[in-house]
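Q: One predicted model, sequence on top.
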Amino acid sequence: MSQSTVGVDANRAAHDHIVRVINEGWLALILSFGERLGLSAALAELGRADVARLSAQTGVGHRYVEDWLWAMAAAGIVDSERDADGADRFFLAPGYADAVTSSGGTGNWGRIAEQLVAMASLEDELVRAARSTGGLPASVYEGRIVDVLAVESGPILEASLIDEVVPLLGVHDRLDRGGLVLDAGCGSGEALAILAAHYPRSRFVGVDQSADAIASARARTLRLGLDNIDLYVADLEDEWPVGVAATEFDLVLAVNVAHDLSDPHLFFRTVRDLLADGGVFGLVELGFDTDMRVNIQHPHAIGVLAFGLYHCLPLAQRRAGIAPGGMWGSRTYVDALGTAGFTDIVLTHAPSDPTNDLIIARNTGSNTAS
């Protein structure tokens, strides 16, 4: 094969690849549309439905439903059959109910498509920040972005927090008797609500920089009748509220928060100082290698890097620092905790959440900053 032929073949393959990418980008919009309007869930519930029935079930206009169904059919997510009267009836292809509806729990990717669309709305702000080499204020991530991020974490926490994470942390007895717990970067308060309901003798504190997330957390605690949760709006890299900074905690949680910070090392030292003697720091972060050539082979590498570009990096870039990103690496977190003075550090995973590392650092009383 001549060099010119190789060039033509490579050019054609590259174009075909990008066309597939563009089509799948449009498909993410279609999935998000169906998730927000309940179309996928309704179709799964009905089993088989024509356009009119799905429209009536969801309250979505007939023509919107029709084009959505045919787009999903073009993607192979929905199948169709034509009855004797010539009417088309649609149904989810085998296996897709769990992939695009809440029946899949943590495997519902429709909710992740919503994230993608919500983040895409920030492109203008992101481009300006990149050109200035600065970051984005937390305020741009309020509103819908708070909602779509909460939808992602809820199923994971419900599946693992009480039955898996708490036993690995070794804090059940303390919390059962009545302990003090801090969720640093608590978001909309899903973890706090689960823990506070399960351990009514303990006191729980949540801190997050998002006013909308804290408002959602307060609404959640009120709705559930939980009176053992205190919530604060504060940036983890600024001065902490007095009610937090002056407290010694039995447990501090930080779930997918440290990689959003400009200086995780300072955060880890602050957490160490907040822990009571024998207290536990539970750090949850994506488990990656320190070598990006290894990381980009991961099936979710593009999503992790793109989410980081739109969310984690701009938040960290607000200040001078390292801005670690979601692929900082498991070994790096462990080393950073050691540098912060922790000497008893264990890297493990909750069985139902293998994607995330659970890094457990204990205040043994002999911890010293290096």
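A: All right, it came through fine. Numbers count the residues shown, from 1 in each chain.

Q: just the strands in the stretch 201-350 of the chain please.
A: Taking DSSP state E, counting those that start in this stretch as the criterion, the stretch 201-350 of the chain contains strands spanning 203-208, 229-233, 249-255, 275-286, 344-348.

Q: Format these as JSON lines; extra columns: mean pLDDT.
A: JSON lines is the format used below for the strands of the stretch 201-350 of the chain (pLDDT from 0 to 100):
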{"stretch": "strand 203-208", "mean pLDDT": "96"}
{"stretch": "strand 229-233", "mean pLDDT": "96"}
{"stretch": "strand 249-255", "mean pLDDT": "96"}
{"stretch": "strand 275-286", "mean pLDDT": "95"}
{"stretch": "strand 344-348", "mean pLDDT": "97"}
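
Q: Tabulate those strands (TSV), appending mean neighbour count.
A: The C-beta positions use only the backbone N, C-alpha and C, and glycine is treated the same way. Output for those, formatted as TSV (neighbours: other CB atoms under 10 Å):
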stretch	mean neighbour count
strand 203-208	24
strand 229-233	18
strand 249-255	24
strand 275-286	21
strand 344-348	14
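
Q: Output those as CSV; include the columns distance to residue 171.
A: Formatted as CSV, the strands of the stretch 201-350 of the chain follow (distance: least, CB to CB, whole Å):
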stretch, distance to residue 171
strand 203-208, 12
strand 229-233, 17
strand 249-255, 5
strand 275-286, 6
strand 344-348, 13
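
Q: Looking at those strands, which is nearest to residue 164?
A: Closest approach to residue 164 among these (CB to CB): strand 344-348, 10.0 Å.

Q: so what secondary structure elements neighbour that closest one?
A: helix 330-339, strand 356-362 (3 or more CB pairs under 8 Å, 6 or more residues apart in numbering; DSSP states H and E).

Q: Relative to the whole chain's centre, how far out is the longest helix along the chain?
A: Criterion DSSP state H: the longest helix present in the chain is helix 3-37. Its chain's C-alpha centre and that of helix 3-37 lie 26 Å apart, by CA atoms, centre = their mean, to the nearest Å.

Q: Going forward, count from 38.
A: With the count now opening at 38, the last piece we talked about shows up as helix 40-74.

Q: For that helix, buried residues please.
A: 64, 65, 67, 68, 69, 70, 71, 72, 74 (16 or more other CB atoms under 10 Å).

Q: Nearest to residue 253 among those residues?
A: Once CB to CB is applied, the member of the buried residues of helix 40-74 that ends up nearest residue 253 is residue 72, at 18.8 Å.

Q: Do you know the pLDDT at that closest one?
A: The model reports residue 72 with a pLDDT of 92.

Q: What score does the closest residue to it other than its chain neighbours have for pLDDT?
A: Nearest non-adjacent residue to residue 72, counting by CB to CB, 6 or more residues apart in numbering: residue 147, 3.8 Å away. Note for residue 147: predicted pLDDT of 81.

Q: where in this structure is pLDDT low?
A: Within the chain, the segments meeting pLDDT under 70 span 38-41, 43, 141, 143, 191, 403-407.

Q: Break it into its domains for me.
A: In terms of domains, the chain is parsed into 40-154, 173-399 (source: automatic domain parsing).

Q: ok, the buried residues of helix 40-74 vs residue 255, which is closest?
A: Of the buried residues of helix 40-74, the one sitting nearest to residue 255 (CB to CB) turns out to be residue 72, at 25.9 Å.
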